[in-house]
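K.L.:
please find the sequence and the predicted model below.
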Amino acid sequence: MFIEKLMVAYMDHKANHIYYLDRTEQVILLDAIEPDGRPNLEFLDADEPERFIEIPKVMNVESFSWMVEFESHHQNSELLHALNEDEPFERFTEKVIKLDLLEKWQTFQKDKVKTRIEHWLAEKELLEMQKQPD
């Protein structure tokens with residue numbers, strides 16, 4: 001369940017949301033950006049700067065590469081065409097729904113996000129948190 005929560009934070013596209021992993025408590029914290037564009041960060045502890053790690057967000061280039069890979073598995077000209085249109089993320093989603101591939105796309109995307117989060121945990125030497133219960 002902990003991995004799923006990290007996955008949600010990773011996929012949150014809201015620009016004013018910043019997620020942090022509290023290494024000590026092993027919980028995920030959400031910080032909202034102030035109106036002046038600065039993070040709120042009330043929970044950060046200056047005495048323990050290593051305690052909180054910002055959770056990365058998915059980048060558009062990464063999401064786009066997943067769409068390209070998904071299309072290559074399905075070899076569908078409509079999906080390929082959607083990737084080359086204006087607003088490819090929206091067009092791709094529309095085509096996936098139209099072609100009744102939404103469940104396959106969501107499973108594919110979830111697997112990609114899970115792998116990315118597992119790599120991130122390994123990079124940060126936090127693999128023990130993968131086994132963290134809810």
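P.N.:
Looks like it came in fine. Residues are numbered from 1 along each chain as shown.
K.L.:
quick one: the helices in this protein?
P.N.:
In the chain, the segments counted as helices under DSSP state H are 2-11, 60-74, 77-83, 88-98, 102-123.
K.L.:
elements contacting the second one?
P.N.:
Taking 3 or more Cβ pairs under 8 Å, 6 or more residues apart in numbering; DSSP states H and E as the contact definition, the neighbouring helices and strands of helix 60-74 are helix 77-83, helix 88-98, helix 102-123. Heads up, the C-betas are built off the backbone N, CA and C, glycines and all.
K.L.:
reformat those helices as JSON lines; add distance to residue 69 and mean pLDDT.
P.N.:
Shown next, in JSON lines, are those (distance: least, Cβ to Cβ, whole Å; pLDDT from 0 to 100):
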{"stretch": "helix 77-83", "distance to residue 69": "11", "mean pLDDT": "94"}
{"stretch": "helix 88-98", "distance to residue 69": "12", "mean pLDDT": "96"}
{"stretch": "helix 102-123", "distance to residue 69": "8", "mean pLDDT": "95"}
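K.L.:
and those helices as a markdown table, adding distance to residue 68?
P.N.:
Shown next, in a markdown table, are those (distance: least, Cβ to Cβ, whole Å):
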| stretch | distance to residue 68 |
| --- | --- |
| helix 77-83 | 6 |
| helix 88-98 | 10 |
| helix 102-123 | 12 |
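K.L.:
and those: which comes nearest residue 28?
P.N.:
Ranking the helices and strands packed on helix 60-74 by proximity to residue 28 (Cβ to Cβ) places helix 102-123 first, at 11.4 Å.
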